[in-house]
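Provided below for reference: sequence and predicted model.
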Amino acid sequence: MSDAERTLNQIGRMDRRRFVGTAAGIAGFAIVGPAAVRGYAANGRIEAGIVGLGGRGSLIAGMMAKHPAYRITAVADYFNGVVQGAGEQLGVAEVRRFSGLSGYKKVLAAGVDAMILETPPCFFPEHVAASVDAGCHVYFAKPVACDVPGCLSILESGRQATKRGRVFLIDFQVPTDEFNMETVKRCREGLIGEIGMLSSIYCDEAFGDPPKTATIESRLQHLIWVNDIELGGGMLVNAGIHAVDAALWLAGARPVSAMGSSRVVNAGHHGNTRDVYSITYQYESGLIQNHRGEHLRNTHEFLCRCAAWGDAGFAEIGYMGKAWARGNKGGYAGGEVENLYVAGIARNLDKFARCVSDGNTENDTLQRSVDSTLAVILGREAGMRNGLLTWDEMIRENKKLEFDTAGLQA
């Protein structure tokens, strides 16, 4: 058995009941004394360092700047112009604005209570591990990594954070919506009976993908990195994960295999991601999930949904549209999921602050987020091979994606 398999067996496996409990938000509180919440008890606000100030990072920074629980005390971005502009807007002292690949280390050295990480996901395993080692609470984006070794590293970092009494939160938005939550709850209670099939879909426009330059510096901005599997995981891993995560939430489990196809349709692409994919997942119970997605420059609107067909009813949840359920013996009218991109962030920032304040280190987003990331990596690999790949085979392969930082600012 490989080290990766041992790690997965030790910390990655969980039964259906545990998944359902965490996904549905059934969490106990691990209360610690106020002194254990580093910095927070002393001044009443969480001193946060933000690494990555692009589109989403700058949005989160702006929301945190207005939030009474946070004070942004240090910032970093690879690009000096970006960090200087953001630092000025956020009122962060110039001596606490850092650039280059090592900027995150300088934020940690500056002394912060929490690290907010919004970089390309290829950097998450290293940045998260360093943040946990420094004793910080950690809040970061999805996907948690681009490859299997990165996912296993995040699992270990999350476990260490819990042991050290630190909060560890991955920012998915679909599970924060009240209508999505209630729909899943009703499904758990048997409203639609046994789920036999899930159908997930994610459609959106393509990201800009200009010609490559001498270094990867030009790829580290404007979401260009999503086009490069080794930097952003590719379209399915970075974007389609929202719909696949919704499916795993409804299933209360993770898949055991994936089979499918994918292709490149957009002309003039320079990255190595596929932009059209059709994946069939199978679960241990026999449950089938079909997932499809596209990132083409066409007129189709954004769509991120997951539907569940049971032997006694039907349900839908998603990033937008209506979340609802209908069964043979009743239903749930549900409601429209609205403004989730911003509203989900706001709810997660509130949750993160509450957990730090209360000493709640249940860290219930860890396992689900790693499982969802591994599921889309499984789908990506099966689609690129145009064949069948099992979860266990993927873990045994433990395929690491390398990226070249030569020529970049240290």
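Right, received. Where do you want to start? Numbering: from 1, shown residues only.

Show me where the stretch 201-350 of the chain has its helices.
229-232, 235, 241-251, 340-358 (DSSP state H, counting those that start in this stretch).

Any idea which of those gets closest to C151?
helix 241-251 (11.9 Å; CB to CB). Placement of C-beta: from N, CA and C, glycine included.

Against F352, how distant is the residue lying closest to E94 once chain neighbours are set aside?
Setting aside the residues directly before and after it, E94 is nearest to G87 in space (CB to CB, 6 or more residues apart in numbering), at 6.7 Å. Here the distance between G87 and F352 works out to 22 Å (CB to CB, to the nearest Å).

what about the protein, any weak spots by pLDDT?
Counting by pLDDT under 70, the chain contains low-confidence ranges at 1-43.

Most distant residue from the centre of it?
K329 (35.7 Å; CA atoms, centre = their mean).

Report the contact partners of it.
Applying CB atoms under 8 Å, 6 or more residues apart in numbering, one finds that K329 lies in contact with L191, A312.

For N363, see how far away it is.
The gap separating K329 from N363 is 37 Å, by CB to CB.

ok, how many other residues are close to R297?
Using other CB atoms under 10 Å as the criterion, R297 is surrounded by 11 other residues.

Return the residues in contact with it.
If a contact means CB under 8 Å, 6+ apart, then R297 has E205, A206, N266 as its contacts.

Please indicate which of the residues you listed are buried?
The neighbour-count criterion (16 or more other CB atoms under 10 Å) marks A206, N266 among the contacts of R297 as buried.

Arrange the contacts of R297 in JSON lines, one row each, with distance to V370 as further columns.
Formatted as JSON lines, the contacts of R297 follow (distance: CB to CB, whole Å):
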{"residue": "E205", "distance to V370": "28"}
{"residue": "A206", "distance to V370": "27"}
{"residue": "N266", "distance to V370": "30"}
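
Name the nearest of the contacts of R297 relative to G234.
Of all the contacts of R297, the one with the least separation from G234 (CB to CB) is A206, at 12.1 Å.

wait, isn't that closest one in contact with A267?
No: taking contact to mean CB atoms under 8 Å, the distance of 10.4 Å between A206 and A267 leaves them out of contact.

re earlier: mind listing what's buried in whichever strand or helix holds the residue nearest to E94?
Secondary structure from DSSP states H and E places G87 in helix 80-90. If you call a residue buried by 16+ other CB under 10 Å, then helix 80-90 has these buried ones: V82, V83, Q84, A86, G87, L90.

next one: the next helix or strand after that helix to chain centre, how far?
Following the chain from helix 80-90 toward its C-terminal end, the next helix or strand by DSSP H and E is strand 97-99. Centroid separation between strand 97-99 and its chain, computed with CA atoms, centre = their mean, to the nearest Å, is 25 Å.

mind checking how far C306 is from A61?
If you go by CB to CB, the gap between C306 and A61 works out to 30 Å.

And the two? Which one has more around it.
Neighbours were counted for C306 and for A61 using other CB under 10 Å; C306 has more, 29 against 23.
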